[in-house]
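> Mind folding the following:
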Amino acid sequence: MNEMNEMPVSPEAPKKSNTGLIIGIVVAVLLCCCCAFVAGGWFFGDQIVQSLGM
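Below you'll find the model as predicted:
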């Protein structure tokens with residue numbers, strides 16, 4: 001009778017994978033770096049070309 005009163009132990013739910021979140025963060029960071037690189041080239045492109053002597 002003692003066994004009937006105990007709460008059954010449910011198996012733990014499997015851990016949710018964070019792969020999509022990690023990939024999304026990496027893509028967002030790379031996109032921000034590309035945008036910063038293009039913006040830097042847009043604003044400082046003439047100075048860069050002059051410093052290279054072209």
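
> ok, which stretches of the protein are helices?
Assigned by DSSP state H, the helices in the chain fall at 2-5, 19-52.

> Looking at the ones you listed, which is nearest to Glu12?
For Glu12, the closest of the helices of the chain is helix 19-52, at 19.9 Å, according to C-beta to C-beta. For the C-beta atoms, the positions are set from N, CA and C on the backbone; glycine is no exception.

> From the contact counts, what lies against that closest one?
Helices and strands in packing contact with helix 19-52 are not found; criterion 3 or more C-beta pairs under 8 Å, 6 or more residues apart in numbering; DSSP states H and E.

> Select the helix or strand of the chain having the lowest average pLDDT value.
The helix or strand of the chain with the poorest confidence is helix 2-5; it has a mean of 58 (mean pLDDT, DSSP states H and E).

> From Gly45, how far out is Leu52?
Here the criterion is C-beta to C-beta, to the nearest Å. By it, Leu52 lies 11 Å from Gly45.

> Looking at those two, which has the bigger crowd around it?
Using other C-beta atoms under 10 Å, the more surrounded residue of Leu52 and Gly45 is Gly45, with 11 against 7.

> Any figure for the gap between Gly41 and Leu30?
Gly41 is 17 Å from Leu30, where distance means C-beta to C-beta.

> where in this structure is pLDDT low?
When residues are selected by pLDDT under 70, those of the chain lie in 1-8.

> Just give me the neighbour total for Ala36.
Neighbours of Ala36 under the rule other C-beta under 10 Å: 10.

> And for Ser17?
Counted by other C-beta under 10 Å, the residues lying close to Ser17 total 8.

> Against Leu30, how distant is it?
Separation of Ser17 from Leu30 (C-beta to C-beta) stands at 21 Å.

> ok, the spatially most central residue of the chain to Val38 distance?
Nearest to the mean C-alpha position of the chain, by C-alpha atoms, centre = their mean, lies Ile25 at 1.2 Å. Ile25 sits 21 Å away from Val38, going by C-beta to C-beta.

> And Val26, by the same measure?
Separation of Val26 from Val38 (C-beta to C-beta): 19 Å.
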